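Chemist: coords below, sequence missing:
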């Protein structure tokens with residue numbers, strides 16, 4: 001028996017950053033945003049890394065995982081177990097912004113949403129996790145103890161459905177010590193998540209979604225919003241990948257690529273026809289302006305603390 005998962009919980013707040021950054025790619029004509037940055041961009045950049053730069057986000061996650069692995073190793077050592085900090089740097093690779101043009105119709109006509117393209121450009125893992133070999137060398141009883149120390153209640157078959165760090169052994173301890181959500185500004189980050197929920201559930205977005213969906217229906221699709229189209233294809237792709245032990249065959253990949261491109265083109269055309277992106281951006285920026293006004297002191301404090309820590 002061997003059971004080892006190199007668990008990595010991406011901070012929820014960083015996911016929020018990517019969502020917010022994706023909704024604020026360009027600026028409307030407004031004196032308050034003459035710099036081309038959304039109202040929250042200066043704060044997001046300081047708090048989470050340069051939110052507008054995918055490579056910076058990836059680098060920040062890589063550094064955080066290195067710290068997390070160090071905490072796990074120290075925790076395991078305290079409990080009498082060997083553990084080698086392991087980070088697969090290829091998992092944090094990104095493409096340059098110049099090579100990613102999801103609003104360019106000619107690019108979309110070749111790449112769709114870029115799902116298959118990203119998969120094919122991802123480099124192979126450079127080296128295996130040394131902890132797997134070490135774990136397999138242990139007697140079964142020690143394997144169970146090792147996994148229990150690493151994963152706590154999540155080492156058994158009856159693992160909790162929800163990830164609760166306090167119950168997750170050394171992995172959970174590392175999450176608590178390194179996660180961006182565990183510091184004094186956790187409430188602020190939670191508020192950022194609430195902000196995005198308010199934006200996506202606003203009447204203005206609902207109207208934009210409805211018009212976009214009607215356009216897509218006319219094109220032969222039945223999605224309620226653009227994210228639904230992406231999610232549907234993403235799920236199909238994950239099903240094709242399965243457990244990752246083998247790659248999809250060439251015919252399956254070609255069939256998926258065709259569907260991905262056709263869907264992405266219809267999506268782009270309907271977003272263009274309905275002015276979807278501009279409407280979403282207008283709502284997003286207005287919500288961010290209010291958020292900054294309501295939380296300015298907290299944001300300024302968090303930004304100053306982040307800048308001091310990086311100096």
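Modeler: In hand now; what should we look at? The model shown is predicted, which means the values in this text are computed figures rather than measured ones.
Chemist: so where's the stretch 1-150 of the chain uncertain?
Modeler: Judged by pLDDT under 70, the stretch 1-150 of the chain has its weakly predicted residues at 1-36, 45-58, 60, 89-98, 122-126.
Chemist: so is the closest residue to residue 267 other than its chain neighbours in a helix, a strand, or just coil?
Modeler: Once flanking residues are discounted, residue 267 sits nearest to residue 229: 5.2 Å by Cβ to Cβ, 6 or more residues apart in numbering. C-betas here are computed from N, CA, C, even on glycine. When classified by DSSP: H, G, I helix; E, B strand; the rest coil, residue 229 comes out as helix.
Chemist: may I see the buried residues of the host helix or strand of residue 217?
Modeler: Per DSSP states H and E, residue 217 falls inside helix 203-218. Neighbour-count burial for helix 203-218 flags 205, 208-209, 211-213, 215-216 (criterion: 16 or more other Cβ atoms under 10 Å).
Chemist: show me where the stretch 51-200 of the chain has strands.
Modeler: Under the criterion DSSP state E, counting those that start in this stretch, strands are not mapped anywhere in the stretch 51-200 of the chain.
Chemist: ok, the residue nearest to residue 267 touching residue 219?
Modeler: No: assessed by Cβ atoms under 8 Å, residue 229 is found out of contact with residue 219, at 10.9 Å.
Chemist: neighbour-wise, which of the two wins?
Modeler: Neighbours were counted for residue 229 and for residue 219 using other Cβ atoms under 10 Å; residue 229 has more, 23 against 14.
Chemist: mind listing what the more buried one touches?
Modeler: Neighbour list for residue 229: 216, 221, 223, 263-264, 267 [criterion: Cβ atoms under 8 Å, 6 or more residues apart in numbering].
Chemist: and it, what pLDDT?
Modeler: If you check residue 229, the pLDDT there is 94.
Chemist: kindly report the same for residue 240.
Modeler: Predicted confidence (pLDDT) for residue 240: 87.
Chemist: please name the nearest non-neighbouring residue to it.
Modeler: Per Cβ to Cβ, 6+ apart, closest to residue 240 is residue 248, 4.4 Å.
Chemist: count of residues packed around that neighbour?
Modeler: Residues near residue 248, counting by other Cβ under 10 Å, number 17.
Chemist: wait, it touches residue 257, no?
Modeler: No: Residue 248 sits out of contact with residue 257 when judged by Cβ under 8 Å, with a separation of 10.5 Å.
Chemist: quick one: residues contacting residue 184.
Modeler: Counting by Cβ under 8 Å, 6+ apart, residue 184 has no contacts.
Chemist: change it to 10 Å
Modeler: Listed by Cβ atoms under 10 Å, 6 or more residues apart in numbering, the contact set of residue 184 reads 298, 301-302, 305.
Chemist: what of residue 242?
Modeler: Residues near residue 242 by Cβ under 10 Å, 6+ apart: residue 248.
Chemist: do that again at 6 Å, thanks
Modeler: Counting by Cβ atoms under 6 Å, 6 or more residues apart in numbering, residue 242 makes contact with nothing.
Chemist: how close does it get to residue 252?
Modeler: For residue 242, the distance to residue 252 (Cβ to Cβ, to the nearest Å) stands at 11 Å.
Chemist: with residue 105 instead?
Modeler: Applying Cβ to Cβ, the value for residue 105 to residue 252 is 26 Å.
Chemist: do residue 178 as well
Modeler: 38 Å.
Chemist: show me which of the two is the more surrounded one.
Modeler: Using other Cβ under 10 Å, the more surrounded residue of residue 178 and residue 252 is residue 178, with 20 against 11.
Chemist: so what's that one closest to, chain neighbours aside?
Modeler: Closest residue to residue 178 apart from its sequence neighbours, by Cβ to Cβ, 6+ apart: residue 68 at 4.5 Å.
Chemist: and residue 296, how far from residue 43?
Modeler: Going from residue 296 to residue 43 by Cβ to Cβ gives 9 Å.
Chemist: burial measure for residue 141, as a count.
Modeler: 9.
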